[in-house]
Structures are given as structure tokens and as C-alpha cells.
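*Asks:* the following comprises the amino acid sequence and a computationally predicted model.
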Amino acid sequence: MPYTLQQLSDLEDIRLLKHRYYRGIDTADEALLKTLFTDDISVEYRGGSYVAKLQGRDAMMDFILNSFHSDAVAMHQGHMPEITFTGDDSADGLWYLEDIYISLERKNVTAGSAIYRDRYVRIDGEWKIASTEYDRVMEVIEPLRPDMQITTHYLAKAGRKREERGDISHMITFTDAAQ
Amino acid sequence: MPYTLQQLSDLEDIRLLKHRYYRGIDTADEALLKTLFTDDISVEYRGGSYVAKLQGRDAMMDFILNSFHSDAVAMHQGHMPEITFTGDDSADGLWYLEDIYISLERKNVTAGSAIYRDRYVRIDGEWKIASTEYDRVMEVIEPLRPDMQITTHYLAKAGRKREERGDISHMITFTDAAQ
Amino acid sequence: MPYTLQQLSDLEDIRLLKHRYYRGIDTADEALLKTLFTDDISVEYRGGSYVAKLQGRDAMMDFILNSFHSDAVAMHQGHMPEITFTGDDSADGLWYLEDIYISLERKNVTAGSAIYRDRYVRIDGEWKIASTEYDRVMEVIEPLRPDMQITTHYLAKAGRKREERGDISHMITFTDAAQ
């Protein structure tokens, strides 16, 4: 069965939703990010050395803005969506992430990939992320070498400064890194 | 001439097909991969220091599962498709790959890009990859440095263990690396 | 309001246009690149340590072919388009770039990301890039290490040799790298 025109249109809108999510986190774009989630979004990110788990838009905004702060240099790009409709106003989505996260505090570079499994719903005509999870496929951590020169760092200005940050440690469980 | 609704629907299905291919190889997902190829798929991958050449789904499955094994840490993401219909049930496709392959046996990291040229056909209502080739655009090999910590390695569990692997050396010709 | 069939078709064509741009620069494909721009294209690329600014297709071709030359090893991939129609024959587009550029002359590797903001117009039935800008999100420069082996370098053959290159220094203003 081919997709209907409405479905093809919805696929474009769902892709846009997730594209804005990735752009929003790397640029700490609070106004944009706020529009992307349901009130009761459910989140579980299973990384190489951590699990982040939280519920609700407010917690999600807290989590993002305290992770993508002025001491982070970040690139998160979601690729190769596999979107499946589960109803007229709901869909599941799978994305394959590539990410780089330089921590100027820990002086290291985390790079890798992950597979996201999302659920989207349409509320008042707008698609929103209702739940999102990822599992890492690959993760490598290496020191930030002294001869690596950071010549652009967008979050230095856009991200929260140290004194503006909140505590999100209750959302994160650290696990054994070695796998 | 604009695309028809059927063609736009087919474009989505062809993209999905290839998205599953890349996800399938990096996660050694045998059940998924088996559904993606024609019986007589033709493959030729021209890398920086090798050419891999083979025919048929069985050979392709052998090639993949003995390449993406428990000593490989892999990321293969296909980007920016350029798909052209050559009939109601056939299409050509061009993709621009980014890939990272860490060999724990050779203790090195191969990273780069390639341009895929594929042919797709619809058989019994399902799009399949009928032929696939790539040429490298960029390839860099560097040692796996002692201070690189691999914190997630999906294929360690999902990939074939050493004692389970078959010999695929007859599919690969090694060439002069320096270009 | 859902997209119309014409709009979905145009979205595909606009994506193709930009996909060809990225593939064209990394492979120095002059014949392909020439077809992608309006006569009076306007360009401004704001990098970590430079601003490149130019007007017109001829200047753009000069800029590209003297940047992606035989001493460059390049990967430029545009991701996650956000395209908005501004008329029947015009659209704005936002893309999130990942790029790697190895300079064999400066013996360094520049890697990072940027957000493109483009304008597209349809002229005689073909979508063209009428203006393009980017701002860097992340940029890291590191030395090309002696143990990095470049095993594929497409531009070595396809790119302009030293004696064939023109001067594009009037298009580029170097700025303070440290941010």
C-alpha cells in the first residue's frame, strides 16, 4: 500500500520536528525546544557509562539546558529515519544518531552513535515528541589533546554559564563504562 | 514534471530500504538484512586498500556477518540520497556514506566517506537492493591510541565471535593503499 | 495545512539540489556544480577563523574549485533539512553540515559543523541556489598526525593542481580564530 498524500506530508513534518530537536540542543535554543515535546514526554537515554531517565517537558528542558551548556561543544545529527504510522495522529520513529560532545570541564571528547526509538503524537494539529529513548551502538572517549584548537564554540555564548546551571544529577545514573 | 504520489511513496520506501541496510550492518541484524537484497544481488566495494566483489544474497550475508563481527566497532551512515526512477519498479540511487570502522584485531581506526551507486527493483511489492557499488572519496587510517576508551561496543555481543566466523578472503582483493 | 503533491515534489527536488552541491564540492565536479546556482548567487560563509563572501556563479565556481583542490581531502555532508516555501517558485532552507577538511599544505585537519541558511528559486522549471550562508556551530583544528595514513584522496586527481589554481584571497577575510 503506498503512502497517502496526508501521510507523506506528515512524514515531512515529523522529520522536521526531530531535525529541530537536534539543532535545538546543539544551539541551546530554548524557545525552539519548548515547542517540540508533549507535556508528559518520557525519556530514557542509555549511554556507554550512564542512563538518563526523566518525565515531562520541564524536566526535559532542565536536562537539555544543563547538559548543553557553555562548557560543552556539541554536534548531534540524526540520520536515516524509519517512521511508521500507528494511527492518524501517532507514529513511531527510529533514527541513527552521530554525535560528538567535547567537555571543557572533563577535558575529553565523547564520540559515537546511537539508535533512537521515538513516539510522536499530533496534538492540536502539531506533531510532538511523546517519548524518546536511545541505545548506544558505539561510543569512544578520548582526552582533549593540547594541540586540538577549538576555533568555534557556539554554546560558549548560547549555553548556560556555570553560575546559571541547575543540578540534574538525579536524572542520571552512572554505570560501569567498560563493556 | 513533478513526482507522482506513487513515486513519492516509492522514494520513501527506497530510502527506508537503504536506511535499514546501514542500521543492519552496524548491529549485525541478520534477520533484517536478509530481507533487503535480491537473490542475485551484485556487489563491488572499491576501498582505499581493497576491492570487495561478490554475487548473490548468501555471499552478501556471509560478507557482512564476517566483516561486522565482535572485534569490529562500526558506524556506517548513508546520506543525501539522489534517487532516479528507471521504470515503475526500478530505480537507481546514489548515497554519500560516512563511516568509521575500528578493528580491535588490527588496532586501528578507518574513517572516511564513499559514494554508493545502487540499483533497486520492486519484487512482489517490496523494494530490494539489486546491485550496489561504492568508490571511496576519502579514507584515513590511524592507530587506535591507548588513551581511546571504547565505552560502547554493540557488536561485541551482536557480532560473530572468532570461532563462529567464516573465511571471506576470496571476496576481497587487497590493493596498494597509498594513493 | 498538509503539503500539496506539488510541494512534496518540490521538497524532493530542493533536497536533490543541495545533495548535489555537497557531492559536487567534495569531488570537484565542475559540470555538476555549474548547474546548481543562479547567475547572481550570493554567498557568505562565516567560519571559525575566516569569512568568505562573494557574488555570482563565476565567483562561486572560482571559490569552490580553488578551495577543493588537489591538496585538500574533504567531506561535506548536509543533514536534516528544514525547508519552508516562500512562494510557488521560492523557498528557504536550513541545513546542518558536518565537515572534515584535511589540508596537505597546512598539514592540519579542520572538522566541525555549521548551520546553512539558503534561498532557492525555480527558474525555467529548475530549482537553483540563489543565496547561501553558514554560521559555524563547532570547529576544531588539529595537526595531521604522522601516523594518520591517507589511503583514499579523491581530489588528488579530480582537484586542481597547484599550477592550475587561481587566487581567491580577495573573497576571504581572516579573523581571530580564538573564540
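*Replies:* Yep, it's here.

*Asks:* so where's chain A uncertain?
*Replies:* Within chain A, the segments meeting pLDDT under 70 span A:176-179.

*Asks:* flag every residue of it that's near chain B.
*Replies:* A:2-5, A:8, A:11, A:47-49, A:79-82, A:94, A:96, A:98, A:110, A:112-113, A:115, A:135-143, A:177-179 (Cβ under 8 Å from any Cβ of the partner chain). Glycine gets a C-beta too; all of them are placed from N, C-alpha and C.

*Asks:* try it again at 6 Å.
*Replies:* Applying Cβ under 6 Å from any Cβ of the partner chain, we find that chain A lies next to chain B at A:2-3, A:5, A:8, A:48-49, A:79-80, A:82, A:96, A:113, A:136-143, A:177, A:179.

*Asks:* are any of those residues buried, and which?
*Replies:* Applying a neighbour-count criterion of 16 or more other Cβ atoms under 10 Å in any protein chain shown, the buried members of the residues of chain A next to chain B are A:3, A:5, A:8, A:48-49, A:79-80, A:82, A:96, A:113, A:136-141.

*Asks:* residue numbers of chain A in contact with chain C?
*Replies:* Within chain A, the positions near chain C by Cβ under 6 Å from any Cβ are A:6, A:8-9, A:16, A:19, A:23, A:26, A:73, A:75, A:77, A:147-154.

*Asks:* so which of the residues of chain A next to chain B are in strands?
*Replies:* A:79-80, A:82, A:96, A:113, A:136-143 (DSSP state E).

*Asks:* what's around A:Y120, how many residues?
*Replies:* 24 (other Cβ atoms under 10 Å in any protein chain shown).

*Asks:* wait, a strand at it?
*Replies:* Yes - if the criterion is DSSP: H, G, I helix; E, B strand; the rest coil, then A:Y120 is within a strand.

*Asks:* A:S90 and A:R122 touch, don't they?
*Replies:* No - counting by Cβ atoms under 6 Å, A:S90 does not reach A:R122; the two are 7.3 Å apart.

*Asks:* these two: which has the busier surroundings?
*Replies:* Between A:S90 and A:R122, counting by other Cβ under 10 Å, A:R122 is the more crowded of the two (17 against 14).

*Asks:* in space, what's closest to that one - neighbours in sequence excluded?
*Replies:* Counting by Cβ to Cβ, 6 or more residues apart in numbering or on different chains, A:R122 lies nearest to A:D89, which is 3.8 Å off, once chain neighbours are set aside.

*Asks:* picking up where we left off before, make a ChimeraX selection of the buried ones in the residues of chain A next to chain C.
*Replies:* The ChimeraX command for the buried members of those (criterion: 16+ other Cβ under 10 Å) is given here:
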select /A:8,9,16,19,23,26,73,75,77,148,149,150,151,152,153,154
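
*Asks:* narrow the residues of chain A next to chain C to those in strands?
*Replies:* Those of the residues of chain A next to chain C mapping onto strands are A:73, A:75, A:77, A:149-153, per DSSP E.

*Asks:* may I ask which two of those are separated the most?
*Replies:* A:Q77 and A:Q149 (22.4 Å; Cβ to Cβ).

*Asks:* from B:A114, how far out is A:L155?
*Replies:* Per Cβ to Cβ, to the nearest Å, A:L155 is found 32 Å from B:A114.

*Asks:* hang on, I meant A:V51
*Replies:* As defined by Cβ to Cβ, A:V51 lies at a distance of 34 Å from B:A114.

*Asks:* out of these two, which sits in the more crowded spot?
*Replies:* Between A:V51 and B:A114, counted using other Cβ under 10 Å, B:A114 has the larger neighbour count: 24 against 13.

*Asks:* ok, then the element right after whatever helix or strand A:D13 lives in?
*Replies:* Per DSSP states H and E, A:D13 falls inside helix A:5-26. Next in sequence after helix A:5-26, counting helices and strands by DSSP H and E, comes helix A:30-34.

*Asks:* what does that next one contact?
*Replies:* Applying Cβ atoms under 6 Å, 6 or more residues apart in numbering or on different chains, the contact partners of helix A:30-34 are A:20, A:24.

*Asks:* what about 8 Å?
*Replies:* Here helix A:30-34 makes contact (Cβ atoms under 8 Å, 6 or more residues apart in numbering or on different chains) with A:20-21, A:23-25, A:57, A:61, A:64-65.

*Asks:* ditto for stretch A:1-14
*Replies:* A:81, A:83, A:85, A:91, A:93, A:120, A:122, A:127, B:5-6, B:8-10, B:12, C:2-5, C:8, C:11.

*Asks:* what about it, distance to the chain center?
*Replies:* With Cα atoms, centre = their mean, to the nearest Å as the basis, stretch A:1-14 stands 24 Å off its chain's centre.

*Asks:* report the closest residue of chain A relative to chain C.
*Replies:* A:T151 (3.1 Å; Cβ to the nearest Cβ).

*Asks:* and the gap between that residue and B:S49?
*Replies:* For A:T151, the distance to B:S49 - Cβ to Cβ - is 32 Å.

*Asks:* closest point of chain A to chain B, which residue?
*Replies:* A:G48 (3.1 Å).

*Asks:* nearest residue to that residue other than its sequence neighbours?
*Replies:* Using Cβ to Cβ, 6+ apart and skipping residues adjacent in sequence, the residue nearest A:G48 is B:T151, 3.1 Å away.

*Asks:* quick one: contacts for A:L97?
*Replies:* A:76-79, A:113-116, A:134.

*Asks:* A:S103: which of these is nearest?
*Replies:* Of all the contacts of A:L97, A:S103 sits closest to A:H76, with 14.3 Å by Cβ to Cβ.

*Asks:* that closest one and A:T110 touch, don't they?
*Replies:* No - with contact defined as Cβ atoms under 8 Å, A:H76 does not count as touching A:T110 (11.3 Å).

*Asks:* quick check: neighbours shared by these two?
*Replies:* Common contacts of A:H76 and A:T110 (Cβ under 8 Å, 6+ apart): A:99, A:101.

*Asks:* just give me the residue closest to the centre of chain A.
*Replies:* A:Y22 (5.8 Å; Cα atoms, centre = their mean).

*Asks:* these two touch, right, it and A:Q77?
*Replies:* Yes - under the criterion of Cβ under 8 Å, A:Y22 makes contact with A:Q77 at 5.9 Å.

*Asks:* between those two, which contacts overlap?
*Replies:* By Cβ under 8 Å, 6+ apart, the residues touching both A:Y22 and A:Q77 are C:80, C:96.

*Asks:* tell me the contacts of A:A111?
*Replies:* A:99-101, A:139-140, A:142 are the contacts of A:A111 under Cβ under 8 Å, 6+ apart.

*Asks:* how about a cut-off of 10 Å?
*Replies:* Counting by Cβ atoms under 10 Å, 6 or more residues apart in numbering or on different chains, A:A111 touches A:75, A:98-102, A:138-142, B:75, B:100, B:148.

*Asks:* swap in A:V51?
*Replies:* Contacts for A:V51 (Cβ under 10 Å, 6+ apart) come out as A:44-45, A:171-175.

*Asks:* and if you look at A:G125?
*Replies:* Counting by Cβ under 10 Å, 6+ apart, A:G125 touches A:13, A:89, C:1.

*Asks:* how close does the first one sit to B:Y50?
*Replies:* According to Cβ to Cβ, A:D13 and B:Y50 sit 42 Å apart.

*Asks:* go on, the last one?
*Replies:* C:M1 sits 51 Å away from B:Y50, taking Cβ to Cβ as the criterion.

*Asks:* same drill for those two, tell me which one is more crowded.
*Replies:* A direct count of neighbours by other Cβ under 10 Å for C:M1 and B:Y50 places B:Y50 higher, at 16 against 6.

*Asks:* the more buried one contacts B:I168, doesn't it?
*Replies:* No - counting by Cβ atoms under 10 Å, B:Y50 does not reach B:I168; the two are 11.3 Å apart.

*Asks:* can you give me the angle the helix or strand hosting A:V109 makes with strand B:149-153?
*Replies:* Using DSSP H and E, the element containing A:V109 is strand A:108-123. With axes from the mean of the first three to the mean of the last three Cα atoms, to 10 degrees as the basis, strand A:108-123 and strand B:149-153 are set at 30 degrees to each other.
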